[in-house]
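A.B. asks: sequence and predicted structure are below.
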Amino acid sequence: MRLEEQFKVLLKTPLSQVGHSPSTEVIIIDALDECVDFFQVGTVIGLLASLKRLDGIRLYFLISSPNEDRIRAAIERQENDTISLATKYHDDNVSDNKSILTINFQRIRKEKRIESTWPTEKQFPVVHRSINPSPLFIYATTLLRFLGDGTRLGIPKKRLKS
């Protein structure tokens, strides 16, 4: 089924049958950047924006996603009265991710008996990806799980090299 048909069946038709609602409904969409076909992100945002034409229901969309240029551009192309792009938490997220990585690397080093200089500066670009261009907790935690998983000593060093 095409994306437009899925949208109609799953969202537009049910919402159009709600009738008049004095309350405001909020639809939360997380990880929009993880669409299988990233080129359809603009289509998804356009379809969501088309729901503003529904009578009797007031909708707000909270889209949680990294600050991707395509997503930002797709949102800015919409003809809406109010669009707010909240990007002010980037520095906090970078700091939080660095703290998570630092604390957990210390834990992994202790548990796996790895020297205190690990990860090396040469390996750090791999670690750096978890905070740039958008700081994603999921990347940092996935990296830490991958490195810390396993019962053999020293395995995190081998995994970081791979």
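C.D. replies: Alright, I've got the coordinates.

A.B. asks: name the SS class of Thr120, please.
C.D. replies: With DSSP: H, G, I helix; E, B strand; the rest coil as the basis, Thr120 sits in coil.

A.B. asks: care to break the protein down by domain?
C.D. replies: Per the record, the chain has its domains at 3-76, 90-161, by automatic domain parsing.

A.B. asks: between the two ends of the first one, how far is it?
C.D. replies: Distance between the boundary residues of domain 3-76 (CA to CA, to the nearest Å) amounts to 21 Å.

A.B. asks: mean confidence for that domain?
C.D. replies: For domain 3-76, the mean pLDDT works out to 83.

A.B. asks: quick one on the thing from earlier: in a markdown table: the domains of the chain, plus mean neighbour count.
C.D. replies: No exception for glycine: its C-beta is placed from N, CA and C like everyone else's. Putting these into a markdown table (neighbours: other CB atoms under 10 Å) gives the following:
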| stretch | mean neighbour count |
| --- | --- |
| domain 3-76 | 14 |
| domain 90-161 | 14 |
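
A.B. asks: strands of this protein, start to end?
C.D. replies: For the chain, applying DSSP state E gives strands covering 24-30, 58-64.

A.B. asks: and the residue lying closest to Glu25 once chain neighbours are set aside, how close does it get to Arg107?
C.D. replies: Nearest residue to Glu25, sequence neighbours excluded (CB to CB, 6 or more residues apart in numbering): Leu59, at 5.4 Å. Leu59 sits 44 Å away from Arg107, going by CB to CB, to the nearest Å.

A.B. asks: and if you look at Ile57?
C.D. replies: Relative to Arg107, and taking CB to CB, Ile57 is found at 49 Å.
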